[in-house]
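Novice: no FASTA, just this:
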């Protein structure tokens, strides 16, 4: 299909202890949302990272035709405790070479990217709850204008109302989305 942004065929990762995941076939089209569901320890985070290009595989292939970006992945891509939400966005702009030289202009650009996101720009990373960390991860991923976003454990530690808020934000990204969860997205 011409609008596929990711295709995995026969994907697997094996360690000395055995298979982490194997025989995974997946096609993700622009605008799709896919959920990798399963219990904790089932390999879903490793598979997510492999699809995003951040985990070594030993079998199969992955082809991405769109720029990937990681949202929140605990232990891999978490908010820095001592940075504010706005500082996180500013840092991402700098790292991607999209920030103006002027600190004042960079701050305005960061605040503009946070418009409509239910986060206080002054909140420190260490003070974010789980939903806020997910929303910040999503915002940071979007700075790079990816074609496909990846986020981990999107249903962990969230109430049903918070899950729906996060799912709405995921749907509104305009990117293809692949997430992990204990249960399939509603």
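Specialist: Yep, it's here. These figures come from a predicted structure and were not determined experimentally. Residues are numbered from 1 along each chain as shown.

Novice: And the residue lying closest to residue 151 once chain neighbours are set aside, how far from residue 33?
Specialist: Across the structure, with C-beta to C-beta, 6 or more residues apart in numbering as the measure, the residue nearest residue 151 apart from its sequence neighbours is residue 71 (3.6 Å). All C-beta atoms are positioned from the backbone trio N, CA, C, and that covers glycine. Using C-beta to C-beta, to the nearest Å, residue 71 is found at 13 Å from residue 33.

Novice: of these two, who's got more company?
Specialist: Each of residue 71 and residue 33 had its neighbours counted (other C-beta atoms under 10 Å), and the higher figure belongs to residue 71 (27 against 16).

Novice: the strands in the chain, which residues?
Specialist: Counting by DSSP state E, the segments of the chain that form strands are 4-15, 18-29, 33-37, 59-64, 68-70, 148-151, 176-181.

Novice: Would you mind finding the most buried of those strands?
Specialist: Comparing these on average neighbours per residue, with mean count of other C-beta atoms under 10 Å, the densest one is strand 148-151 at a mean of 26.

Novice: who does that one pair up with?
Specialist: The sheet places strand 148-151 alongside strand 68-70 (parallel), strand 176-181 (parallel), with pairing taken from DSSP bridges.

Novice: so which of those strands gets nearest residue 135?
Specialist: Comparison of the strands paired with strand 148-151 against residue 135 by C-beta to C-beta identifies strand 176-181 as nearest, at 13.4 Å.

Novice: Could you check how far that closest one is from the centre of its chain?
Specialist: 8 Å (C-alpha atoms, centre = their mean, to the nearest Å).

Novice: ok, and what's touching it?
Specialist: Contacts made with strand 176-181 from outside it, assessed by C-beta atoms under 8 Å, 6 or more residues apart in numbering, are listed as 5-6, 28-38, 44-45, 47-48, 51-52, 66, 147-156, 170-171, 185.

Novice: One more pass at 7 Å, please.
Specialist: Contacts of strand 176-181 with the rest of the structure, by C-beta atoms under 7 Å, 6 or more residues apart in numbering, involve 5-6, 28-37, 44-45, 48, 51, 66, 147-155, 170.

Novice: quick one, that strand and strand 33-37 angle?
Specialist: Counting by axes from the mean of the first three to the mean of the last three C-alpha atoms, to 10 degrees, strand 176-181 lies at 20 degrees to strand 33-37.

Novice: what's the model's confidence in strand 176-181, averaged?
Specialist: When pLDDT is averaged along strand 176-181, the result is 96.

Novice: same question, stretch 142-157
Specialist: Averaging pLDDT along stretch 142-157 yields 94.

Novice: same deal with stretch 99-118?
Specialist: Per-residue pLDDT values across stretch 99-118 average out to 90.
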